[in-house]
Every structure is written in C-alpha cells, then in structure tokens.
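J.: My questions are about this predicted structure, shown below with the sequence.
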Amino acid sequence: MEHNTDFIIIGASILDVLAQPVTAEVFETGSVPARHIALHTGGDALNEATVLSSLGASVRLVSKMGADYAGDYIRKHCQRAGMDVSFLRQDAALETGVNLVLVDDSGERHFITSQNGSLRKLYPADISDTSLSGGRYLCFASIFVFPAFDDHALSELFSLAKDKGLVLCADMTKPKCGETPEHLKTSLPLLDYIFPNYEEARLFTGFTDWDRIADTFLGYGVGCVVLKAGSKGCFIKNRRERHWIPAYPHACCLDTTGAGDTFTACFLDALNQGMTLPDCGRFANAGASVCIERLGATGGIESREQVMTRYWEI
C-alpha cells in the first residue's frame with residue numbers, strides 16, 4: 001500500500017495562554033505577578049502533530065477551528081512545521097478555542113476553557129474518507145473530548161481507518177459522563193494502541209491496580225495498552241508482554257502542559273522507527289521529560305536526536 005504520510009492525527013487545535021506560577025491568591029488579591037506569560041499552540045491533536053513534525057515525521061492534521069486570527073495563527077504554525085493542512089478546516093461560524101492555562105509552582109496546570117470555542121466542535125461529518133487515505137498510523141486524540149464521537153461514531157471512523165490499512169491508535173481524557181468500557185464496546189476492539197494516563201484509565205475502568213486496568217482494556221479487544229504514569233514512567237501491556245519503563249531521572253519540571261501528548265507522539269514515532277515496545281516507552285518518557293522543562297505544550301522538542309540523548313539515560 002502506498003503511503004504519502006506517516007501519521008494522520010485527528011482532534012483539537014487551539015491556542016493556550018499560559019501563566020506560571022499562579023496560585024489561588026489571584027482570586028483573593030485580583031492581581032499577582034507571574035515569571036512567565038506566553039502564547040502557544042495547544043489542543044491534543046495539534047500538540048501531537050507538532051511534536052511528530054519536530055521529530056522529522058510526516059504528518060497530516062485533521063481538525064477544525066475558526067476563521068479568525070487564532071485560526072490563521074494555527075494554520076501558519078502548521079505550515080511552518082511542514083504538516084499537510086489539506087484537511088485543517090476553518091469554519092466562519094466558529095471562534096477558535098483559546099485556553100487560559102494557570103500553572104502552579106509544581107508545574108501542575110489548571111485550565112479555563114471557552115464554552116463557545118472550537119475545542120469540542122469536531123463532528124463525524126468533518127472527517128472525509130479522503131483524509132484517511134495514504135497514511136501508516138492514525139491517532140484519534142482524544143476520546144471523550146468531542147461529544148459527537150460516541151461509540152457508534154468512533155466505531156464507524158475506526159472501521160474505515162482499518163479498512164484503509166492504518167494502524168489505529170487513540171489517546172483519551174477523563175470520562176465526562178461516567179463512561180465505562182461498556183460504553184465503547186464496539187470501538188475499543190478496533191484499537192491497536194491506547195494511551196490513557198493512570199487517572200483517566202482508573203476512572204474509566206473502575207480499577208486501581210495497573211494490571212487490572214490494562215487487562216480490562218485488553219479484555220475489550222484493545223491490542224496494546226500504554227499507561228502514562230508521570231514521574232513513575234509508563235506501564236505497557238499486551239497479550240504477550242508486560243513492561244514498567246522508568247521516567248527520565250534528571251528532569252526539572254516547569255510545566256506539565258502537553259506532556260501526555262508529547263509522550264504519545266514520541267511513542268508513535270518510535271513505533272514508526274521499528275523500536276521494540278520497551279524502547280518505545282523509553283523514547284516516549286525521554287520526550288515527555290523535555291516537554292515539562294519548558295512552558296507550553298510542545299516548545300521543548302526540537303529533533304529526534306535531542307530526545308535520543310535522554311533515551312540513553314533511561
């Protein structure tokens with residue numbers, strides 16, 4: 001099968017306005033100084049696509065935003081990164097989503113999102129059959145972000161992707177309405193890889209034990225489960241292998257925004273490079289460690305070689 005792009009990434013493209021450090025004091029005093037205030041691109045899909053492009057992969061971004069200043073800013077960012085933007089829609093009826101991201105002294109972030117923005121406005125009709133052609137991997141980033149993508153809509157999209165020979169991956173966020181694996185029983189079996197963090201997976205499966213969480217996904221037909229564990233690294237399990245991969249030990253955390261998306265992108269890139277599962281986990285942990293040392297979702301990743309220098313220390 002002919003491939004004209006390595007990765008097709010579907011999901012949100014927005015802007016983040018970040019301030020660091022910010023404490024609850026701001027709500028009492030009305031004004032506080034911050035060491036850093038910056039504008040960055042954001043959104044699950046745009047984060048993953050940006051990192052993959054920085055690593056040297058070819059990327060097609062399938063997303064929707066407004067026909068406004070923020071949307072134009074995002075399109076120019078994608079063009080500069082060398083992405084295929086043929087399926088990056090701008091809708092004049094939408095305003096591009098903008099998040100306010102308040103980052104505390106520990107690097108943890110707290111989001112203020114726009115209800116009227118484009119963040120959750122992607123619909124099945126926005127994704128054409130043509131946009132899924134000619135790729136190697138498809139990543140849906142993320143399950144539970146878009147209300148229109150219920151089990152039926154996901155299974156239709158995933159089935160079409162499988163028919164086109166794509167390796168199918170998905171990230172996820174916390175369930176919004178108490179969803180469990182039963183709510184995705186048709187779409188989960190189509191996934192080759194899933195990338196939740198521990199808290200997302202715990203809420204979704206109802207279990208706290210790492211193996212029971214992974215086994216739940218596997219029991220519903222997912223091919224491989226990759227659980228992001230922050231400072232603990234990551235836990236990888238399929239029907240033949242089980243691995244705990246430690247985090248990069250020397251990172252200095254400034255901002256965790258985008259760390260999970262960076263992890264997923266680096267894992268996918270390593271898969272595309274033919275690495276083993278443990279090595280994919282090491283490369284992904286190394287990439288996430290670069291991300292958390294800079295303000296913003298993706299600004300720290302510059303090249304595959306940069307990430308490899310940390311990979312060798314894990």
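T.: Cool, the structure landed. As the structure is a computational prediction, the values presented were derived from the model and not from experiment.
J.: Least confident secondary structure element in the chain?
T.: Here the helix or strand of the chain ranked lowest by mean pLDDT, DSSP states H and E is helix 26-29, holding a mean of 77.
J.: Beyond that helix, next helix or strand please.
T.: strand 36-42 (DSSP states H and E).
J.: how about the helices of the stretch 101-250 of the chain, start to end?
T.: 151-163, 198-205, 210-219 (DSSP state H, counting those that start in this stretch).
J.: for the least confident helix or strand of the chain, the distance to its chain's centre please.
T.: 32 Å (CA atoms, centre = their mean, to the nearest Å).
J.: Show me the shaky parts of this structure.
T.: Across the chain, the ranges flagged by pLDDT under 70 are 1-2.
J.: Disregarding flanking residues, what is the spatial nearest neighbour of the residue nearest the centre of it?
T.: The chain has residue 261 as the residue nearest its centroid, 3.3 Å off, counting by CA atoms, centre = their mean. Spatial nearest neighbour of residue 261, excluding adjacent residues (CB to CB, 6 or more residues apart in numbering): residue 47 at 3.6 Å. Where C-beta positions appear, they are placed from N, C-alpha and C, glycine not excepted.
J.: Checking the one you found next. Helix, strand or coil?
T.: Here residue 47 is helix, with the state taken from DSSP: H, G, I helix; E, B strand; the rest coil.
J.: Against residue 13, how distant is it?
T.: Relative to residue 13, residue 47 is positioned 9 Å away (CB to CB, to the nearest Å).
J.: Overlap in contacts, those two.
T.: Listed as contacting both residue 47 and residue 13 by CB atoms under 8 Å, 6 or more residues apart in numbering are residue 41.
J.: quick one: the residue nearest to the centre of the chain and residue 165, what's the gap?
T.: For residue 261 relative to residue 165 (CB to CB), the value is 25 Å.
J.: picking that back up, now render the helices of the stretch 101-250 of the chain as JSON lines, adding mean neighbour count.
T.: Output for the helices of the stretch 101-250 of the chain, formatted as JSON lines (neighbours: other CB atoms under 10 Å):
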{"stretch": "helix 151-163", "mean neighbour count": "17"}
{"stretch": "helix 198-205", "mean neighbour count": "19"}
{"stretch": "helix 210-219", "mean neighbour count": "18"}
